[in-house]
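>>> build the 3D model from these lines:
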Amino acid sequence: MRNKLKNLLVFGCTGLLGKCLIDYFQNKKKFKIHAAVNKTKINNKNIKFVNSKNSKLLERFINKNNIDTIINFAGLTNIELCQKNIKLSEKSNYKLPIHLAELSKRHKLNYVFISTDNFKFRSNKLNENSKMLSLNNYSRHKKKAENGILKNYPKSLIIRTNFYCVGDSKRSSFFDTIFNSINLKKEIGLFNDVFYTPIYGKYLLKYIFKLLEKNKNGIYNISSNEKITKYHFGIEICNVFKLNKKYIKVNNLKNRKDLVRRPLNMALNNSKLKKNININIPSIKYQLQVMKKDFRL
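Below you'll find the model as predicted:
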């Protein structure tokens, strides 16, 4: 693996985390962002694009632009669609990640794969080495990708996380859904029986880069310290952004028989992360306050 981060080739730049990367890190002098795209391009003159479907063109692009790191943000995250279309889920969440791991190994590149927290486990929070179960195709293919990547290219960096950020007109985020519903004075039901440890996308990316700079590999949980329900996360958004909490209503996943099966507890243990890069992760409230300042910009 290459220690220096100078040229990143990003898959999934049109997604939420890709947008976050471009919004907050494209002007960093440390590295330059390149994007592998299928059909949709980003309206940004500072980013070079390459067709991800053309293997020969992709490999020439890697060599010509001295790519040192491949970051894979691509994936199908719609759990209902993954359950309905197993082949599409397998292609996006398993086959592509394995292909990119093999490509990274062949060119001796850093490789980052974004996994998920969508697992069922017995402990209070999920450790990187805990036993766990997959309850749906999305989670099953992500776990299969983790195993395949570590088998083919052990020097890869696998990130389990659940992040929030601001989306755009093409793809809205969980935060957008809450914020826009309340501004339109529409009620929104949020699960009060689903626990997780969400982290602001800006901090997620910051910690990924720290892990890369320290040449870390294997599985790392990147999350907030606090275990919180999706309902209470919505209330915290209201507190920070001065929104009317009366439009947020309690809902429970266990009553939603129409949805694909999901775990009720997805909280991640971030002790390994904090120990290996020596950081103190700020509270969810503080992260939302930072997000509010970014939101104004």
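
>>> next secondary structure element downstream of the lengthiest helix in the chain?
In the chain, taking DSSP state H as the definition, the longest helix is helix 137-152. The C-terminal neighbour of helix 137-152 among helices and strands, as given by DSSP states H and E, is strand 157-161.

>>> what's the angle from that following strand to helix 137-152?
Angle of strand 157-161 versus helix 137-152, following axes from the mean of the first three to the mean of the last three CA atoms, to 10 degrees, is 160 degrees.

>>> ok, which stretches of the stretch 1-150 of the chain are strands?
With DSSP state E, counting those that start in this stretch as the criterion, the stretch 1-150 of the chain has strands at 7-11, 32-37, 48-51, 69-72, 110-114.

>>> now the first one: buried residues?
Along strand 7-11, these residues count as buried under the neighbour rule (16 or more other CB atoms under 10 Å): 7, 8, 9, 10, 11. C-betas here are computed from N, CA, C, even on glycine.

>>> where exactly do the helices run in the stretch 1-150 of the chain?
Assigned by DSSP state H, counting those that start in this stretch, the helices in the stretch 1-150 of the chain fall at 16-25, 55-64, 79-84, 86-90, 96-107, 137-152.

>>> rebuild those helices as JSON lines, extending it with mean neighbour count.
Formatted as JSON lines, the helices of the stretch 1-150 of the chain follow (neighbours: other CB atoms under 10 Å):
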{"stretch": "helix 16-25", "mean neighbour count": "21"}
{"stretch": "helix 55-64", "mean neighbour count": "13"}
{"stretch": "helix 79-84", "mean neighbour count": "16"}
{"stretch": "helix 86-90", "mean neighbour count": "16"}
{"stretch": "helix 96-107", "mean neighbour count": "20"}
{"stretch": "helix 137-152", "mean neighbour count": "20"}
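
>>> what's the closest of those to residue 43?
Evaluated over the helices of the stretch 1-150 of the chain, closeness to residue 43 peaks at helix 16-25, with 10.5 Å, by CB to CB.

>>> remind me what the closest one packs against, helices and strands.
strand 32-37, strand 163-164, helix 201-213 (3 or more CB pairs under 8 Å, 6 or more residues apart in numbering; DSSP states H and E).

>>> for the shortest one, packing partners?
To tie it back to what came earlier, the one meant is strand 163-164. On a contact count with 3+ CB pairs under 8 Å, 6+ apart, strand 163-164 meets helix 16-25, strand 199-200, helix 201-213.

>>> so which of the ones you listed is nearest residue 226?
strand 199-200 (10.1 Å).

>>> relative to that closest one, what are the paired strands and their orientations?
Taking DSSP bridges as the criterion, strand 199-200 forms sheet pairs with strand 163-164 (parallel).

>>> and the angle for whichever helix or strand comes after the strand it pairs with with helix 16-25?
Using DSSP H and E, the helix or strand that follows strand 163-164 in sequence is helix 174-183. On the basis of the same axes, to 10 degrees, helix 174-183 is oriented at 90 degrees to helix 16-25.

>>> in the helix or strand just after helix 174-183, what counts as buried?
As assigned by DSSP H and E, the chain's next helix or strand after helix 174-183 is strand 188-191. Residues of strand 188-191 classed as buried under the neighbour-count rule (16+ other CB under 10 Å) are 188, 190, 191.

>>> lowest average pLDDT across the helices and strands packed on helix 16-25?
For these, mean pLDDT drops lowest on strand 32-37, to a mean of 91.

>>> wait, doesn't residue 292 sit right on residue 238?
No. Counting by CB atoms under 8 Å, residue 292 does not reach residue 238; the two are 11.9 Å apart.

>>> please work out how many residues are found near residue 131.
10 (other CB atoms under 10 Å).

>>> just checking, it touches residue 123?
No. In this structure, residue 131 is not within contact of residue 123 by CB under 8 Å, at 9.2 Å.

>>> which stretches of the protein have low pLDDT?
Along the chain, the model assigns pLDDT under 70 to residues 1-4, 28-29, 40-41, 297.

>>> and residue 292 and residue 238? Which one has more around it.
For residue 292 and residue 238, the more surrounded residue by other CB under 10 Å is residue 238, and the numbers stand at 18 against 13.

>>> secondary structure element for the more buried one, which one?
helix 230-241.

>>> which is the next helix or strand following that helix?
Where DSSP H and E defines the elements, the next helix or strand beyond helix 230-241 is strand 248-251.

>>> neighbouring strands - and their directions - for that next one?
Going by DSSP bridges, the partners of strand 248-251 are strand 188-191 (parallel).

>>> ok but residue 275 is inside a helix, no?
Yes. Looking at residue 275 with DSSP: H, G, I helix; E, B strand; the rest coil, it is inside a helix.
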